[in-house]
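Asker: Got a sequence here, can you model it:
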Amino acid sequence: MKKYIIFTVIFMIMCLMLSGCKKEEEKPEFLYDLPVTYELVAEIKEDSLAATGCELILTNQGEETQFDFGYVGYKVERYEDGEWSEMPLVNQYSEDIALGFRLNPGESTEFRVGWSELYGELPSGKYRYIKSVEMWKPKQLTQVVCFFIEFTL
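Answerer: I've put the predicted structure just below:
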């Protein structure tokens with residue numbers, strides 16, 4: 001009986017040790033691990049793309065979904081050698097504050113994006129802008145999601 005108890009204890013200890021050796025799962029590449037929404041469509045306004053920012057045309061294609069915009073967070077990533085990586089910050093703080101607005105179902109609006117204060121002027125390359133927004137649907141809790149748009153300078 002003693003051998004059985006000792007064997008059980010050793011087995012449990014080994015199981016606990018092995019469970020700590022699991023490979024860490026890869027996290028999604030997007031902003032703060034937020035889910036991506038495809039009900040919000042973004043496109044760059046013609047002739048507005050520059051190394052310092054651009055003008056986006058945002059369209060809510062949801063039937064009941066509302067999107068609330070404000071200064072929640074964004075980042076700019078560069079695509080190099082088959083991978084996306086965040087651009088290094090040149091400044092920790094930005095004076096570019098997005099005033100809050102709501103985009104109702106079927107509505108479109110223009111939204112000025114300026115990333116030069118945080119990332120400086122972007123050199124030539126392939127990029128994506130990722131922004132978080134609050135998504136609201138009837139009879140559901142508000143959810144923070146993100147959208148993205150890819151562009152080339």
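Asker: need the contact list for the residue lying closest to Lys45 once chain neighbours are set aside.
Answerer: Computed as Cβ to Cβ, 6 or more residues apart in numbering, the closest residue to Lys45 that is not its neighbour in sequence is Glu55, at 4.0 Å. The way it works is simple: take the backbone N, C-alpha and C, and place the C-beta from them, glycine included. By Cβ atoms under 8 Å, 6 or more residues apart in numbering, the contact list for Glu55 reads Ile44, Lys45, Ser48, Glu110, Phe111, Arg112, Val113.
Asker: what's the pLDDT at the fourth one?
Answerer: The reference is to Glu110. Note on Glu110: pLDDT of 91.
Asker: mind checking how far it is from Tyr38?
Answerer: Per Cβ to Cβ, to the nearest Å, Glu110 is found 20 Å from Tyr38.
Asker: How about the first one?
Answerer: Counting by Cβ to Cβ, the separation of Ile44 from Tyr38 is 17 Å.
Asker: before we move on, what about Glu83?
Answerer: Counting by Cβ to Cβ, the gap from Glu83 to Tyr38 is 23 Å.
Asker: Next: Ser108.
Answerer: 16 Å.
Asker: Neighbour count: those two, which is higher?
Answerer: Neighbours were counted for Ser108 and for Tyr38 using other Cβ atoms under 10 Å; Ser108 has more, 12 against 9.
Asker: What sits closest to the more buried one if chain neighbours are left out?
Answerer: Among residues not flanking Ser108 along the chain, Thr59 sits closest, at 4.4 Å (Cβ to Cβ, 6+ apart).
Asker: the strands in this protein, which residues?
Answerer: 40-44, 53-60, 66-69, 74-80, 83-86, 101-103, 108-114, 126-136, 143-152 (DSSP state E).
Asker: Could you dump the ones you listed into TSV with distance to Gln92 added?
Answerer: TSV is the format used below for the strands of the chain (distance: least, Cβ to Cβ, whole Å):
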stretch	distance to Gln92
strand 40-44	26
strand 53-60	18
strand 66-69	22
strand 74-80	13
strand 83-86	14
strand 101-103	26
strand 108-114	16
strand 126-136	18
strand 143-152	21
